[in-house]
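> Build me a model:
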Amino acid sequence: MQHPGPPQFMAVGESVQLAPRDPDPDADYSWRVRSAPVASSLDLEEDTAVVQFTPDAAGRYVVELDAPDATHTLTVRVFPGSYLPAGSVRSGASGMSGYSGQSGSARPTGFSGGASGSGSGAGDAQRGRGGRPRIRLDATVEDGVVVVRADPQPNPDSDTDRDDLVVEFVVDDRDDVDDAAVETEGWELRVPLSAVGDRLRVHAVALDETYSVPDTVTVEREAVADGGFAEAETEAVQTDVTGHADGSGAGSASVSRPNDPPQWAREVTLYEIYVRGYASDVEGVDNTFEALETRLDYLESLGVDCLWLTPVLQNDHAPHGYNIVDFYDIAEDLGTREDYERFVEAAHDRGMKVLFDLVLNHSARAHPFFEDAYKNPDSEYYDWYEWQESGEPGTYFDWEYIANFDHRNLEVRRYLLDAVDMWAEVVDGFRCDMAWAVPDTFWQEIRDRVKAKDPEFLLLDETIPYIADFHEGMFDMHFDTTLYFTLRQVGRGDEPAERILDAVEQRTQVGFPDHAAFMLYLENHDETRYIVECGEDEALAAAGALFTLPGVPMVYGGQEIGQRGRRDALAWGHARDDIREHYERLIELRDETPALRYDGTFRRIDYETDSDSAVAFVRDHDDGSYLCALNFAPGATTVDVGDLAVDATDIVSGDSVAAEGGIRVDDVVVCPLA
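Numbers count the residues shown, from 1 in each chain. Presented below is the predicted three-dimensional model:
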């Protein structure tokens with residue numbers, strides 16, 4: 001699989017790293033520009049396996065990669081520099097090593113609950129009339145013709161009429177398609193099924209004064225016994241929510257939307273386990289994974305159904321595990337690979353998924369390859385790492401125990417891809433550490449590798465602030481860092497609670513499509529506990545926010561028992577039953593209420609309250625609509641929702657919350673709309 005991947009959409013002023021996939025480090029590769037806009041004089045460095053593509057003119061480029069198996073083409077659509085979303089930075093951009101930021105956190109300094117910063121694409125500097133448009137693609141097969149229809153939407157802050165949006169399609173270079181048979185008109189692309197080989201992937205963007213995050217739709221033909229492909233037998237192939245054909249007799253093709261999150265991941269409650277502190281009190285076991293296994297019954301009773309374990313690989317002295325010295329072996333102090341796999345199997349037996357914490361930006365400086373390379377240009381591993389002029393390795397935030405890999409090196413890519421293949425066989429998904437620091441085309445390759453074996457494999461990015469372009473062809477779910485920071489600001493009393501609604505709406509304002517999925521969190525192993533920073537009453541309300549706002553909630557181990565230490569051994573003997581019961585009710589409530597889950601929509605309402613620490617909103621679904629109200633201040637407050645017809649029975653507590661002038665809110669209230 002040497003092909004460089006899906007078509008790229010970008011603007012003049014951006015740069016993207018191009019590389020062969022599934023590379024052989026001993027093979028020869030070479031790039032060249034086959035065709036380019038008339039105004040371009042761009043050349044690529046010849047006989048170089050990994051190149052930085054930095055377009056000098058707008059238009060359509062076709063570049064070629066000579067690889068041992070064949071010559072491959074890649075289309076790159078480049079828009080004028082004026083189309084570049086403000087703040088847009090592609091992941092893994094060069095020149096970031098040595099950035100001086102906050103030590104011990106993957107968060108650059110200066111970011112708050114707003115959208116300022118690399119990749120956010122929002123804020124006062126946003127080009128265009130209000131920000132990036134959005135797009136969704138869907139496809140059917142009608143009378144033997146594949147019809148791809150785009151649904152573009154202007155940015156919520158834009159004054160552009162929807163009918164004035166332009167859609168641009170690109171057919172994937174990797175697919176066997178007769179280009180002459182492809183027709184586009186407006187928001188629609190059509191191609192006879194007979195002109196398609198085994199698969200057709202269509203990518204598209206919407207254009208206003210900036211370009212949207214691309215979307216993709218895939219049509220796959222089903223092989224028949226004689227080695228050819230079946231012809232369409234019905235007027236249309238309908239797709240269900242998983243994207244597979246379910247029409248009677250419609251066996252000719254199936255339609256999928258590869259950028260939608262896996263079905264299972266939309267409904268889970270995630271739970272982060274800090275592996276060296278979560279079960280350190282357990283006695284009579286042979287290893288940490290056995291100790292963790294003793295907690296699975298507790299986790300099952302709590303209601304969580306997806307576990308994210310901090311890194312479990314061999315690492316240096318730091319107990320968090322992110323400084324890895326062997327990407328292929330389990331840390332000796334935790335157990336063996338067999339012990340780890342038994343833990344995963346035990347979790348699976350209880351219906352729980354398991355996420356592996358994937359670190360691809362760096363190794364520990366204690367890694368034997370780095371130790372060999374340090375101040376030794378003759379080392380075979382010297383070119384594996386980024387180096388500063390001082391002779392020190394490239395790093396971020398002045399971290400002193402890690403060294404950034406140089407992803408331009410095919411040996412680095414091979415080493416990491418083989419590790420990805422190994423661990424993807426064991427788990428259900430990757431939580432991708434420092435996703436912003438790894439080239440986005442490398443993430444695209446990783447996604448295609450794992451999805452080819454398991455389409456339901458989950459890729460969750462850690463990106464601070466979040467980057468809307470990561471939704472196309474890279475990650476299924478995104479850390480909602482904006483909501484995280486906003487919840488902290490509200491909990492401290494620095495911002496009114498209504499800012500939470502702004503944070504949710506910012507997702508579409510920065511260009512995320514409506515089908516994007518977000519992980520909601522209050523704390524993790526990098527952050528001070530919310531209850532410590534903001535207070536107990538505030539923590540109860542913030543928990544309510546996790547389970548009522550649109551997104552997938554994540555609980556950091558100990559959060560549900562009132563734990564106060566960030567990475568300390570959990571104080572199980574001092575667990576707060578009242579807080580745990582609060583979380584149990586919220587988890588159960590979300591599981592039982594479709595409006596609070598992925599398919600539920602979110603809308604603002606008019607409300608009045610005497611406290612700016614309270615906020616109200618509505619979640620809607622075909623199965624019912626619900627008023628949700630949160631109060632981040634001590635004591636109860638009353639929220640007046642005007643003429644909104646509300647059944648004042650709170651389904652969190654089961655009690656009536658009717659009060660003079662509205663409804664009474666202690667921390668979180670969820671009431672059906674009458």
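
> Which SSE is immediately downstream of the one helix or strand in the chain whose mean pLDDT sits lowest?
None of the helices or strands of the chain scores lower by mean pLDDT, DSSP states H and E than strand 253-256, at a mean of 94. Per DSSP states H and E, the first helix or strand lying C-terminal to strand 253-256 is strand 270-273.

> Using PDB, list the CA coordinates for the helix or strand following that next one.
Remark: after strand 270-273, the chain's next helix or strand is helix 288-293, criterion DSSP H and E. In PDB, the C-alpha atoms belonging to helix 288-293 read as follows (Å, rounded to 0.1, in the frame of the first residue of the first chain):
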ATOM      1  CA  THR A 288      -1.300  -4.500  38.200                       C
ATOM      2  CA  PHE A 289      -3.700  -5.800  35.500                       C
ATOM      3  CA  GLU A 290      -5.000  -8.400  37.900                       C
ATOM      4  CA  ALA A 291      -5.600  -5.700  40.500                       C
ATOM      5  CA  LEU A 292      -7.400  -3.600  37.800                       C
ATOM      6  CA  GLU A 293      -9.500  -6.600  36.900                       C
END
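
> tell me what the least confident helix or strand of the chain is packed against?
With contacts taken as 3 or more Cβ pairs under 8 Å, 6 or more residues apart in numbering; DSSP states H and E, strand 253-256 sits against strand 134-142, strand 215-221. C-beta here means a position set from N, CA and C on the backbone, and glycine is covered the same way.

> relative orientation of the first one and strand 215-221 in degrees?
It refers to strand 134-142. Computed by axes from the mean of the first three to the mean of the last three Cα atoms, to 10 degrees, the angle separating strand 134-142 from strand 215-221 equals 20 degrees.

> Tell me the gap between strand 134-142 and the middle of its chain.
Chain-centre distance of strand 134-142: 22 Å, with Cα atoms, centre = their mean, to the nearest Å.

> residues in contact with that strand?
Contact partners of strand 134-142, identified using Cβ atoms under 8 Å, 6 or more residues apart in numbering, comprise 146-153, 155, 167, 193, 202, 204-206, 212-217, 219, 232, 234-239, 250, 252-253, 255, 257, 508, 511-515.

> can you pull up the bridge partners for Trp31?
Leu65 (DSSP bridges).

> Kindly tell me how buried it is, as a neighbour count.
Other residues lying near Trp31 total 23 when counted by other Cβ atoms under 10 Å.

> circling back: can you list the strands that the least confident helix or strand of the chain pairs with?
With DSSP bridges as the test, strand 253-256 is paired with strand 215-221 (antiparallel).

> just so I know, which of the helices and strands packed on strand 253-256 lies nearest Gly13?
Nearest to Gly13 among those is strand 134-142 (21.6 Å), distances taken as Cβ to Cβ.

> returning to what we had before: mind checking which of the helices and strands packed on strand 253-256 is nearest Leu334?
Evaluated over the helices and strands packed on strand 253-256, closeness to Leu334 peaks at strand 215-221, with 38.4 Å, by Cβ to Cβ.

> Give me the residue ranges of the protein where confidence is low.
Residue ranges of the chain with pLDDT under 70: 1, 87-90, 92-130, 223-251.

> redo that, cut-off 90
The chain contains residues with pLDDT under 90 at 1-3, 46, 85-130, 222-253, 397-398, 464-465, 674.

> Any chance of JSON lines for the helices and strands packed on strand 253-256, columns mean neighbour count and distance to Val285?
As requested, these are exported to JSON lines (neighbours: other Cβ atoms under 10 Å; distance: least, Cβ to Cβ, whole Å):
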{"stretch": "strand 134-142", "mean neighbour count": "21", "distance to Val285": "49"}
{"stretch": "strand 215-221", "mean neighbour count": "22", "distance to Val285": "46"}
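
> out of those, nearest to Ala674?
Nearest to Ala674 among those is strand 134-142 (32.9 Å), distances taken as Cβ to Cβ.

> Each with direction, which strands does that closest one pair with?
When DSSP bridges is applied, strand 134-142 pairs with strand 145-153 (antiparallel).

> Mind exporting the C-alpha coordinates of the partner strand to CSV?
C-alpha atoms of strand 145-153 as CSV (Å, rounded to 0.1, in the frame of the first residue of the first chain):
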residue,chain,number,x,y,z
VAL,A,145,-26.1,5.3,-11.3
VAL,A,146,-24.3,6.3,-8.2
VAL,A,147,-25.7,9.7,-7.1
VAL,A,148,-23.7,11.6,-4.5
ARG,A,149,-25.6,14.5,-3.0
ALA,A,150,-24.1,17.3,-0.9
ASP,A,151,-25.8,19.1,1.9
PRO,A,152,-23.9,22.3,2.5
GLN,A,153,-24.7,24.7,5.3
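
> Contacts for that strand, please.
133-141, 162, 165, 167, 169, 187-193, 196, 200, 202, 204, 206, 212, 215, 217, 219, 253, 514.

> if we go to 7 Å?
Strand 145-153 has contacts (Cβ atoms under 7 Å, 6 or more residues apart in numbering) with 133-140, 162, 165, 167, 187-193, 196, 200, 202, 204, 206, 217, 219.

> Burial check on Pro192, number of neighbours?
Per other Cβ under 10 Å, the neighbour tally for Pro192 reads 16.

> Any idea how far apart the tips of stretch 365-378 sit?
Length of stretch 365-378, first residue to last, Cα to Cα, to the nearest Å: 18 Å.

> Assign the closest residue to Gly535 other than its chain neighbours to helix, strand or coil.
Counting by Cβ to Cβ, 6 or more residues apart in numbering, Gly535 lies nearest to Gly491, which is 7.0 Å off, once chain neighbours are set aside. Following DSSP: H, G, I helix; E, B strand; the rest coil, Gly491 is assigned to helix.

> right, and Gly491 touches Ala633 too?
No - using Cβ atoms under 7 Å, Gly491 makes no contact with Ala633, being 10.2 Å away.

> The two: which is more packed in?
Under the criterion of other Cβ under 10 Å, the comparison of Gly491 against Ala633 puts Gly491 first, with 24 against 19.

> so who does that one touch?
Per Cβ under 7 Å, 6+ apart, neighbours of Gly491: 530, 533-535, 538, 542, 632.

> That one and Glu345: what is the separation?
39 Å (Cβ to Cβ, to the nearest Å).

> From Tyr278, how far out is the closest residue to Leu334 other than its chain neighbours?
Leaving aside its chain neighbours, Leu334 sits nearest to Thr288 (4.3 Å; criterion: Cβ to Cβ, 6+ apart). Plainly put, Thr288 is 9 Å away from Tyr278 if you go by Cβ to Cβ.
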